[in-house]
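Novice: sharing a sequence plus its predicted fold:
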Amino acid sequence: PEYADSKRFNETALSLSNISCHWNSTDNLPQTNTSSSGNEEDVTGRKQNSLALSDVSLTTNYGELLCVIGSVGSGKSALLLAMAEELPHSQGNISYTSQSI
């Protein structure tokens with residue numbers, strides 16, 4: 001089928017360049033528990049202030065379907081939160097191109 005914006009398919013829609021993020025805010029973490037070692041951990045065992053993403057780069061074009069898969073704790077949620085700018089990044093750049101809906 002012909003899409004209204006099919007001529008834009010070669011244009012970049014989203015670009016992440018060398019993004020690094022940390023789980024450093026309790027706003028982004030589930031409720032914490034204190035482990036037997038005295039360290040606060042969330043229910044998944046992830047320590048606060050731990051590295052969520054390190055030096056990730058990704059570029060998607062208009063019309064592309066992006067599928068994020070991986071094992072538990074591999075950074076899928078962190079990547080999606082970073083893309084939505086809900087997880088602040090400590091280095092790198094995120095660029096969006098406007099899109100008509």
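Specialist: Right, received. Where do you want to start? Residues are numbered from 1 along each chain as shown.
Novice: residues near Ala52, how many?
Specialist: 22 (other CB atoms under 10 Å). The way it works is simple: take the backbone N, C-alpha and C, and place the C-beta from them, glycine included.
Novice: next, the contact list for it, please.
Specialist: Each residue near Ala52 by CB atoms under 8 Å, 6 or more residues apart in numbering is listed here: 21-23, 75, 78, 82, 87.
Novice: so can I have a markdown table of those residues showing distance to Thr59?
Specialist: A markdown table is the format used below for the contacts of Ala52 (distance: CB to CB, whole Å):
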| residue | distance to Thr59 |
| --- | --- |
| Cys21 | 18 |
| His22 | 23 |
| Trp23 | 25 |
| Gly75 | 17 |
| Ala78 | 18 |
| Ala82 | 14 |
| Leu87 | 19 |
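Novice: so which of those residues are in helices?
Specialist: Using DSSP state H, the members of the contacts of Ala52 that fall within helices are 78, 82.
Novice: name only those of the contacts of Ala52 that count as buried.
Specialist: Buried by 16 or more other CB atoms under 10 Å: 21-23, 75, 78, 82, 87, out of the contacts of Ala52.
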